[in-house]
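S.K.: what's the 3D shape of this:
(one chain, ligands or ions: 1)
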Amino acid sequence: MRNFSKAKRIVIKIGTNILTRDNGVDTAYVRRIAQHTSELLKNGKQVVIVSSGAIGMGCGKLDPASKVKDIKMRQAYAAIGQPLLMAEWRKSFLRYGVTVAQVLVTAEVLNNRKTYLNLRNSVETLLKLSVVPVLNENDSVSTDEIGSAFGDNDTLSALVASKIDADVLIMLSDIDALYDKDPRKFSDAKPISAVYEITDEIIRSAGGRGSGLGTGGMKTKIEAARIAANAGCRMVLANGRLKNVLARIMAGDEIGTVFMPKRKLSNRSRWILNNAAAGVINIDEGAMRAVKNRKSLLPSGVVSIKGTFEAGAVVMLNDDAKAVTNLSSSQLKNLAGKHSSEIRKVLGPKHRDVVAIPEDIVIIDY
Ligand code: GLU
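M.R.: Numbers count the residues shown, from 1 in each chain. The predicted model follows:
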């Protein structure tokens, strides 16, 4: 369970709260992480760092007293802080002869199949060159990334771990572990050492968002664990301030919480599952049973459509599955409930006569 000796590819996510101190970056901390990461590289591991802290650093530089609630200011602070953050990583890794590279991503990049493959290729190439890619969200260009659902590096790090087939995702924050109850409210809350299944109870006990300059909380960490779990990737959540935390985790010490993977989906399935759905196709029970048995989705099983989407978009099938649809929402509205042969009658003989093929359907099974 905690044996990471065979783990080759590691993603380390470091939160704002532990990277910044007194309105600036905690240089000593960055240096320590660089030192321990270089040790991992020497042992033949490949490491990707997902580093928060750009907004925090930009804010610390210009206006330490501000609370950075305003989106425009957060964008500006991110633009100011990102090069400062990279300069720290670069300087620290240079001491150990390691080159770092900056990769900025957005939710859009991760959702789009083509740019997502581009991202994977560039990260793969950097890893082959023994360079440490340092990733962050491109907060200055994507308002969605700051302050809304996707806007946290927890989710981002899990998506990246999933995309590059990482073996372990190490999530370093100021949270010690997952607890059976909210430790801020209950003094008898106990840490959970290993999670095999992310149940509704775990989600309920996770509570809300964190506070301060970072945007994540326990909820986003659980979501990250889910994404990692579908990629066959273990996730360790631990307090980044613990002494030798990286080395201890890799040595199998029982610190924090390890989330064990449930299944390893194919890369395409993961892309479908992790993609934001453009709409919903409501299907009847029989159709749901069929797709769960790895059959195609036929138009006869379609009851109604929600949202506007193109053919090729990722959509929800009720609340239970995600799929790439062969038909747009307007085409589906015409063909819902009809026999498969109607598809070709309406759209021509070359068109696929199903709404979605089994390879394009992924059941959400957490
Ligand atoms: N990308 C943001 C930053 O660098 C932080 C997002 C997060 O806290 O997860 O400041």
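
S.K.: the ligand contacts on this protein?
M.R.: 15-16, 52-56, 78, 136-137, 139, 152-153, 214-216 (Cβ under 6 Å from any ligand atom). The way it works is simple: take the backbone N, C-alpha and C, and place the C-beta from them, glycine included.

S.K.: just the buried ones from these?
M.R.: Neighbour-count burial (16 or more other Cβ atoms under 10 Å) applied to these gives 15-16, 52-56, 78, 136-137, 139, 152-153, 214-216.

S.K.: before we move on, the earlier item: out of the residues of the chain next to the ligand, list just those in helices.
M.R.: Secondary structure from DSSP state H places Thr16, Ala54, Ile55, Gly56, Ala78, Asn153 of these in helices.

S.K.: excluding residues flanking it in the chain, which one is nearest the fifth one?
M.R.: So that's Ala78. Once flanking residues are discounted, Ala78 sits nearest to Asp139: 3.5 Å by Cβ to Cβ, 6 or more residues apart in numbering.

S.K.: doesn't Ile202 belong to a helix?
M.R.: Yes - the assignment for Ile202 (DSSP: H, G, I helix; E, B strand; the rest coil) places it in a helix.

S.K.: thought it was touching Lys181?
M.R.: No - using Cβ atoms under 8 Å, Ile202 is not in contact with Lys181; the gap is 11.1 Å.

S.K.: low-confidence ranges, this protein, go.
M.R.: Counting by pLDDT under 70, the chain shows low-confidence ranges at 67-69, 143-151, 206-216, 366.

S.K.: and the spatially closest residue to Asp167 that is not a sequence neighbour, what element?
M.R.: Nearest non-adjacent residue to Asp167, counting by Cβ to Cβ, 6+ apart: Ala7, 3.7 Å away. Element membership of Ala7, judged by DSSP states H and E, is empty: it is in no helix or strand.

S.K.: okay, now Ala7: neighbour count?
M.R.: Around Ala7 there are 17 other residues, counting by other Cβ atoms under 10 Å.

S.K.: same check on Arg90?
M.R.: 18.

S.K.: what about it, distance to Ala238?
M.R.: Distance from Arg90 to Ala238, counting by Cβ to Cβ, to the nearest Å: 25 Å.

S.K.: ok, the residue nearest to Asp167 touching Val47?
M.R.: No - in this structure Ala7 lies outside contact range of Val47 using Cβ under 8 Å: 10.7 Å.

S.K.: then stretch 155-164 to PDB, C-alphas only?
M.R.: Written as PDB, here are the backbone C-alpha positions of stretch 155-164 (Å, rounded to 0.1, in the frame of the first residue of the first chain):
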ATOM      1  CA  THR A 155      -7.700  19.300  -9.500                       C
ATOM      2  CA  LEU A 156      -5.100  20.400 -11.900                       C
ATOM      3  CA  SER A 157      -2.300  18.300 -10.400                       C
ATOM      4  CA  ALA A 158      -4.600  15.200 -10.500                       C
ATOM      5  CA  LEU A 159      -5.500  15.800 -14.100                       C
ATOM      6  CA  VAL A 160      -1.800  16.100 -14.900                       C
ATOM      7  CA  ALA A 161      -0.900  13.000 -12.900                       C
ATOM      8  CA  SER A 162      -3.700  11.200 -14.800                       C
ATOM      9  CA  LYS A 163      -2.500  12.500 -18.200                       C
ATOM     10  CA  ILE A 164       1.100  11.600 -17.800                       C
END
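
S.K.: show me which residues of that stretch are buried.
M.R.: Buried residues in stretch 155-164 (16+ other Cβ under 10 Å): Thr155, Leu156, Ser157, Ala158, Leu159, Val160, Ala161, Ser162, Lys163, Ile164.

S.K.: of those residues, which belong to strands?
M.R.: Here DSSP state E is the test, and the buried residues of stretch 155-164 give no hits in strands at all.

S.K.: what segments of the stretch 151-300 of the chain are helices?
M.R.: Using DSSP state H, counting those that start in this stretch, the helices of the stretch 151-300 of the chain run over 153-163, 200-205, 218-229, 245-250, 267-274, 285-292.

S.K.: make TSV out of the ones you listed and add distance to Leu317.
M.R.: Shown next, in TSV, are the helices of the stretch 151-300 of the chain (distance: least, Cβ to Cβ, whole Å):
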stretch	distance to Leu317
helix 153-163	21
helix 200-205	21
helix 218-229	18
helix 245-250	38
helix 267-274	11
helix 285-292	6
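
S.K.: just those: most buried one?
M.R.: helix 153-163 (a mean of 27; mean count of other Cβ atoms under 10 Å).

S.K.: who's in contact with that helix?
M.R.: Helix 153-163 is contacted from outside by 11, 13, 15, 48, 50-52, 105, 110, 116, 119-120, 123, 135-137, 150, 166, 169, 171, 214-216, 220-221, 223-228, 230-231, 233, 235, 267, 270-271, 274, using Cβ atoms under 8 Å, 6 or more residues apart in numbering.
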